[in-house]
Every structure is written in C-alpha cells, then in structure tokens.
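In: here is a sequence with its predicted model. Questions after.
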Amino acid sequence: MNVQEFQGLQAESDRLRARVAELEEALAAANHRADLYQAVFECIPVPAVVHDVEGLVFDINRKNREFCAIPDRELVIGKHNLLKDPDAVARGYAAHLERATRGEASVMPPTSFNTAEVGFDNAEDRELWSETSYAPVDVAGKRYVVSVNLDVTERIRAQRALEASQQFLLGIIENAPSLVYVKDLAGRYMLVNSQVEQFVQMNREGLLGKTDAELFPSEIAESYSASDALVLRTGEPLTREDVMPLEGGIVAYVTTKFPLRDAEGKPVAVCSISVDVTTQKEAEARARKLQEEMLGLQEATLRALSTPLLPIAEGVVVMPLIGHIDARRAEQVLETLLHGIVQNQASIVILDVTGVPVVDEQVASTLVQAARAVELLGAEVVLTGIQPAMARTLVEIGAELGRMRTRSTLRGGIALALGRGATRGKR
C-alpha cells in the first residue's frame with residue numbers, strides 16, 4: 001500500500017467516523033424526542049391510549065390508567081385487544097376503533113364505564129362516564145389509532161341531577177290541585193299542567209305557543225295581559241281574584257302571579273298559580289245567608305223578649321220593660337202593645353218600668369205615646385215600678401202622663417187591675 005492509498009483510507013475512515021458521530025448524535029436526539037414525547041404522553045391531563053390496527057393496546061398514559069383503574073401499564077400493552085373485547089364490542093368502542101383504522105375519525109357519545117367490571121386488582125367500584133374520540137395516525141407507513149377519553153362523569157352527574165330535579169318539579173306541578181302555567185315575555189304559554197287542560201277543555205298541544213287573546217274573550221284576555229305586564233314591570237308577586245264564565249257556570253279562582261328570572265336576575269317569564277275557590281265562595285254565600293237568617297231569628301226573639309206581653313187575667317195584660325229604651329225599641333213596644341190589646345181584647349194594660357234603669361225624654365215619650373194609643377183602643381194604662389228618682393225625672397222633663405194610673409210596684413198594679421176588672425165584670 002503506497003502512501004497515496006493509505007491517505008485515501010485514512011480520509012475515508014475519518015469521514016465514516018464523522019458520519020457515525022452524526023448518526024449517534026441524531027439517534028440521541030431522536031431518543032430524546034421519543035423520551036420527551038413519551039413523557040408528554042404520560043403526563044398529559046387527558047386519558048389517552050394508542051392502538052395498532054389489530055386492536056391491541058400500543059401505549060396507555062397514566063391519566064387513562066387512573067381513569068380505568070389499571071394498576072400497571074404492562075397489564076394491557078400488547079395484551080388487551082379492543083376489537084376482540086366482548087364488552088367493547090357491545091358498547092360500540094370496537095366499531096369506532098375499526099372505523100378509525102380505516103382512516104375515519106369519530107367521536108362516541110358519552111358512555112358509562114364501571115371500573116369494578118374490568119377485573120383488575122384493587123379496582124374501585126365506581127361508575128364513570130367518558131366521551132371517547134378516535135383519530136388515525138400514520139407513522140413510517142404504519143397506522144395507529146389514538147383515542148382520547150374525556151371524563152364527563154361530573155357533567156353527566158350534574159345533568160342527571162338537573163333532570164331529576166326537573167322531573168321532581170314537573171311531578172309537583174303536574175299533580176298540584178291548582179292551575180299552574182307559565183307564559184313568556186310575549187304572553188305565549190310555555191308550560192301548563194293537567195289542571196289547566198281540564199279547566200279550558202283543551203290539551204296542552206293546543207295551548208302551548210298560544211296567547212290569551214287566542215284562547216279567551218277579549219275582555220278577559222286584556223285583563224290577564226294587563227296583570228302579567230304589571231308583574232313584569234314591578235317585579236313583585238301579584239294576587240288577584242277572578243271569575244270565568246264556563247259552560248258549567250261561573251268559576252271563581254284566586255291567582256298569584258310572579259316573575260321567573262334567569263341567572264342574571266332578568267325576568268324571562270311569568271308564572272301563575274290559580275286556585276279554584278268556587279266551592280269556597282258558594283259555601284261562604286250559604287254561610288252568610290244562614291247567618292242573616294239566624295240574625296233575623298235572633299232579632300225577632302230578642303224583640304219578643306224585650307217587649308213581652310203577658311195576659312194575666314181576662315181583659316188584663318202586663319208588659320214588663322227591662323233595659324234601655326231607644327227609638328227602635330219604643331216602636332216595638334208600641335206595636336206589640338197595640339197588637340196585644342186587640343188580640344187579647346184587653347181593657348187594662350200594665351206597663352212595668354221597674355227594670356228600666358234610666359228615664360229620659362225617649363222613655364217619657366214612649367210612655368205617653370203608649371197611653372194615648374191604648375186609650376184610643378178603649379183600654380186603660382196602669383204604670384208600675386216608678387221609683388222616687390224616676391218620678392222626679394219625669395216631673396223635671398215635664399212628662400204628661402195624662403189619666404194614666406200609677407203604682408210603685410208591679411204587684412200593686414196587678415191588684416189594682418184585677419180589682420177594676422172584677423168591678424167591671426159585676427157591672
């Protein structure tokens with residue numbers, strides 16, 4: 001080997017060494033990138049898994065292992081085949097993975113996943129919900145499928161809780177013994193319960209979206225719309241009593257209206273709750289009528305008790321007066337007295353004022369009028385029970401008792417009347 005050949009070999013060796021160094025540096029960089037990608041894949045906060053086209057797990061990150069309660073990645077890598085998993089086939093995972101292996105990305109609807117059914121040791125007994133997306137990835141002419149599991153458990157739980165709450169409220173509204181209905185800001189019915197359907201004799205499909213003007217006479221519709229507008233304007237609840245003419249008669253009900261607000265506090269609708277009070281109103285009317293009848297009966301009874309007329313002998317009647325005598329009672333005294341004289345053919349009437357506490361002009365006038373009326377009927381009046389104080393009062397007010405005979409006690413008046421009656425009988 002000459003010098004020239006040796007130098008050529010030396011140059012080729014140097015070039016190869018440089019190339020090896022380049023390749024080693026590129027390999028180190030590639031390994032670094034692979035390690036970086038692996039670390040990123042492992043640490044991303046979203047559950048992810050890589051499958052090959054055969055359905056085998058190629059890699060799975062920590063978040064997915066935690067989500068699926070997989071204690072060790074080696075338990076599934078190269079071992080678990082999604083395309084051959086009966087549960088994955090039944091739930092639709094396999095179909096979406098197979099679609100992605102053909103180059104078509106897809107997203108599954110939220111699906112439940114029970115970690116206890118996986119069969120791994122120490123798996124928690126819990127139900128999770130995931131929304132899985134599948135995307136094909138081609139690397140060096142080989143296809144893989146990356147699937148990402150979005151944990152939507154809290155969203156599904158919140159949605160279910162909301163649906164349960166809504167169903168609970170709808171159950172209350174639907175079974176409430178009152179008319180419950182909601183109208184939007186334009187006055188269109190958004191919600192009605194079965195009581196409303198029965199009340200207006202129309203199913204809710206015919207009610208929803210309609211306004212009061214389309215359902216009721218103009219006068220009633222305008223009244224309803226005005227009260228809704230007042231509630232929206234003031235933002236305060238409103239209670240009113242209404243009547244509605246229906247085929248079966250007039251229906252009375254009490255309605256409470258109040259605004260419904262959105263999350264920002266803006267009114268978006270008006271809710272109304274109407275209670276049928278027709279039966280109550282009818283009962284109140286009957287009670288008032290009965291009360292009036294009872295009051296009338298009581299008044300008649302009191303009138304009879306306050307102006308009693310007692311026949312004690314043939315041609316002799318006694319009227320004991322008790323309590324205060326006003327104009328109305330004075331009229332009753334006179335009416336009862338005259339009627340009793342005619343009915344009993346009395347010739348002597350004893351007016352006993354022992355129970356009258358105060359003698360004023362009203363009492364004196366009553367006594368004078370009674371005496372004159374009795375005399376016109378041909379009878380005689382005997383006034384009893386006048387005490388000294390009462391006699392002085394009668395004198396002071398100038399009461400003219402005329403030919404009326406007086407006795408201090410009822411007993412004395414009865415004795416006088418019976419004596420005169422006996423004398424008249426002998427004649």
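Out: Everything's here; your move. None of the values given here were measured: they were computed from a predicted structure. Residues are numbered from 1 along each chain as shown.
In: C-alpha from now on. contacts and neighbour counts both.
Out: OK.
In: wait, isn't residue 207 in contact with residue 189?
Out: Yes: the pair residue 207 / residue 189 is scored as a contact, 6.6 Å apart, by C-alpha atoms under 8 Å.
In: would you list the phi and psi of residue 49?
Out: phi -150, psi 150 (degrees, to the nearest 10).
In: tell me, how many residues neighbour the nearest residue to it once chain neighbours are set aside?
Out: Nearest non-adjacent residue to residue 49, counting by C-alpha to C-alpha, 6 or more residues apart in numbering: residue 60, 4.3 Å away. Counted with other C-alpha atoms under 10 Å, the neighbours of residue 60 add up to 23.
In: gap between residue 60 and residue 140?
Out: 20 Å (C-alpha to C-alpha, to the nearest Å).
In: got it, and residue 187?
Out: Counting by C-alpha to C-alpha, the gap from residue 187 to residue 140 is 65 Å.
In: could you chop the protein up by domain?
Out: 42-156, 176-281, 301-426 (automatic domain parsing).
In: could you export these as JSON lines, including distance to residue 287 and mean pLDDT?
Out: Below are the domains of the chain laid out as JSON lines (distance: least, C-alpha to C-alpha, whole Å; pLDDT from 0 to 100):
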{"stretch": "domain 42-156", "distance to residue 287": "57", "mean pLDDT": "86"}
{"stretch": "domain 176-281", "distance to residue 287": "10", "mean pLDDT": "90"}
{"stretch": "domain 301-426", "distance to residue 287": "20", "mean pLDDT": "80"}
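In: now those domains as CSV including distance to residue 8?
Out: Putting the domains of the chain into CSV (distance: least, C-alpha to C-alpha, whole Å) gives the following:
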stretch, distance to residue 8
domain 42-156, 37
domain 176-281, 84
domain 301-426, 149
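In: of these, which approaches residue 295 most closely?
Out: domain 301-426 (9.6 Å; C-alpha to C-alpha).
In: returning to that earlier point: torsion angles phi and psi at the residue nearest to residue 49?
Out: phi -150, psi 130.
In: dump the residue contacts of it.
Out: Taking C-alpha atoms under 8 Å, 6 or more residues apart in numbering, we find residue 60 in contact with 42, 48, 49, 50, 73, 77.
In: which of those lies closest to residue 131?
Out: Closest to residue 131, out of all of those and judged by C-alpha to C-alpha, is residue 48, at 11.5 Å.
In: looking at it, that closest one is touching residue 135, isn't it?
Out: No: at 11.2 Å, residue 48 does not count as touching residue 135 under the criterion of C-alpha under 8 Å.
In: neighbour-wise, which of those two wins?
Out: For residue 48 and residue 135, the more surrounded residue by other C-alpha under 10 Å is residue 48, and the numbers stand at 24 against 20.
In: tell me the bridge partners for the closest residue to that one other than its chain neighbours.
Out: Distance criterion C-alpha to C-alpha, 6+ apart; nearest residue to residue 48, sequence neighbours excluded, is residue 148 at 4.4 Å. Using DSSP bridges, the beta-bridge partners of residue 148 come out as residue 48, residue 133.
In: how far away is residue 148 from residue 82?
Out: Distance from residue 148 to residue 82, by C-alpha to C-alpha: 14 Å.
In: and the helices in the chain?
Out: All helices of the chain, identified by DSSP state H, fall at 3-43, 62-67, 86-91, 93-101, 153-175, 194-200, 204-207, 212-215, 218-234, 278-306, 327-344, 361-376, 388-396, 410-426.
In: would you mind finding the most buried of those helices?
Out: The highest mean neighbour count among the helices of the chain, using mean count of other C-alpha atoms under 10 Å, belongs to helix 93-101: a mean of 21.
In: elements contacting it?
Out: Helix 93-101 sits against strand 106-107, strand 127-139, strand 142-151, with contacts defined as 3 or more C-alpha pairs under 8 Å, 6 or more residues apart in numbering; DSSP states H and E.
In: tell me which of those strands sits most buried.
Out: Note that of the helices and strands packed on helix 93-101, strand 142-151 is the most buried (mean count of other C-alpha under 10 Å), with a mean of 20.
In: give me the residues contacting that one.
Out: 46-53, 64, 97, 100-101, 128-138.
In: go on, stretch 259-267?
Out: Taking C-alpha under 8 Å, 6+ apart as the rule, stretch 259-267 contacts 231, 232, 235, 236, 237, 268, 269, 270, 271.
In: contacting residues around the second one?
Out: Contacts for residue 232 (C-alpha under 8 Å, 6+ apart) come out as 259, 267, 270.
In: could you do the last one as well?
Out: Applying C-alpha under 8 Å, 6+ apart to residue 271 gives the contacts 180, 181, 182, 183, 257, 258, 259, 260.
In: quick revisit: so which of the helices and strands packed on helix 93-101 is nearest residue 170?
Out: The nearest among the helices and strands packed on helix 93-101, by C-alpha to C-alpha, is strand 127-139 at 26.5 Å.
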